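Visitor: Return atomic coordinates for the entry below.
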Amino acid sequence: MLWTLLAIVISGLGAAGIAMLLRKLTRNRLPKWIIPAFGGLGMLAYQIYYEYSWFEHQLQRQPAESVLVASETGEVFWRPWTFFWPMTTAFTVLDSKSLMREEAAGNSVVAFTLYRFEKQHVDRVSHQPHVLNCTTAELLPLDAQKKPLLEKMKRIDRDGLLYQHACS
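Guide: Numbers count the residues shown, from 1 in each chain. Next comes the predicted model:
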C-alpha cells in the first residue's frame, strides 16, 4: 500500500510538471489553475489504472498449478466509472496441486483447496478446503478441522470451470 501511495503522488507530481512545462511553452498564456488540475488528474488516472490492473497483476503472481475458476465484478458509487466499466473485485483460484481423488460408495469424490482473493483497501486472501462429489456435482466446504459444513452444501454447474478442472 505504501508503494501505491508513493506511485500516486509521483504520478500527480509528474502530471503537474507537464502542466508547468506547457505553461512555460505558451509563455504563461495558460491559466495557473492548470497545474493543480493536471496534478489531480494524474493522480486519479493512476488510481484508475491501478484498480483495473489489480486482477491481472494478482493472477500473474499465482503459482503455475493454480487455476482461475471464478471472478466477480462490481460497481461502487464513489467510483462512477465502474458503472460503465465494472472492475474485478474478487476471484477464486483452485489449487490443482491439492487435488485428491477417491472413490466412495460408487461416487467419485475430489478434495481440494479454494483460495479467494478480494480487492479491498488491503488485499484479502482466504482459503478453505472443499469436497466435490463429481457424480452428483455437490460442493461441500470443510471447516478448519476438516469437518463438513452441511448447511453450506450447494450444487454446482457441470459446465463450470471448477467442475471441469476438479473432475476431469
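
Visitor: Count the neighbours of the closest residue to D143 other than its chain neighbours for me.
Guide: Among residues not flanking D143 along the chain, L149 sits closest, at 5.8 Å (Cβ to Cβ, 6 or more residues apart in numbering). C-beta: built from backbone N, CA, C; applies to glycine. Neighbours of L149 under the rule other Cβ atoms under 10 Å: 12.

Visitor: pretty sure L149 contacts P141?
Guide: Yes - contact status for L149 versus P141: in contact at 4.9 Å, counting by Cβ atoms under 8 Å.

Visitor: Return the set of residues that bridge with T92.
Guide: Here T92 sits in beta bridges with A70, R116, as judged by DSSP bridges.

Visitor: who touches W54 in this structure?
Guide: 87-88, 119 (Cβ atoms under 8 Å, 6 or more residues apart in numbering).

Visitor: where's it, which helix or strand?
Guide: helix 34-60 (DSSP states H and E).

Visitor: what's the distance between that helix and the middle of its chain?
Guide: How far helix 34-60 lies from its chain's middle: 16 Å, per Cα atoms, centre = their mean, to the nearest Å.

Visitor: buried ones in it?
Guide: 34-35, 38-39, 42-43, 46-47, 51, 54-55, 58 (16 or more other Cβ atoms under 10 Å).

Visitor: List the pairing partners of the least confident helix or strand in the chain by mean pLDDT within its sheet, with orientation.
Guide: In the chain, no helix or strand scores lower on mean pLDDT, DSSP states H and E than strand 100-104, which sits at a mean of 87. Strand pairing for strand 100-104, determined by DSSP bridges: strand 107-118 (antiparallel).

Visitor: other SSEs contacting the helix or strand following the strand it pairs with?
Guide: Using DSSP H and E, the helix or strand that follows strand 107-118 in sequence is strand 124-133. Packing partners of strand 124-133 (3 or more Cβ pairs under 8 Å, 6 or more residues apart in numbering; DSSP states H and E): strand 107-118, strand 138-141, helix 161-167.

Visitor: now with 6 Å?
Guide: Strand 124-133 sits against strand 107-118, strand 138-141, with contacts defined as 3 or more Cβ pairs under 6 Å, 6 or more residues apart in numbering; DSSP states H and E.
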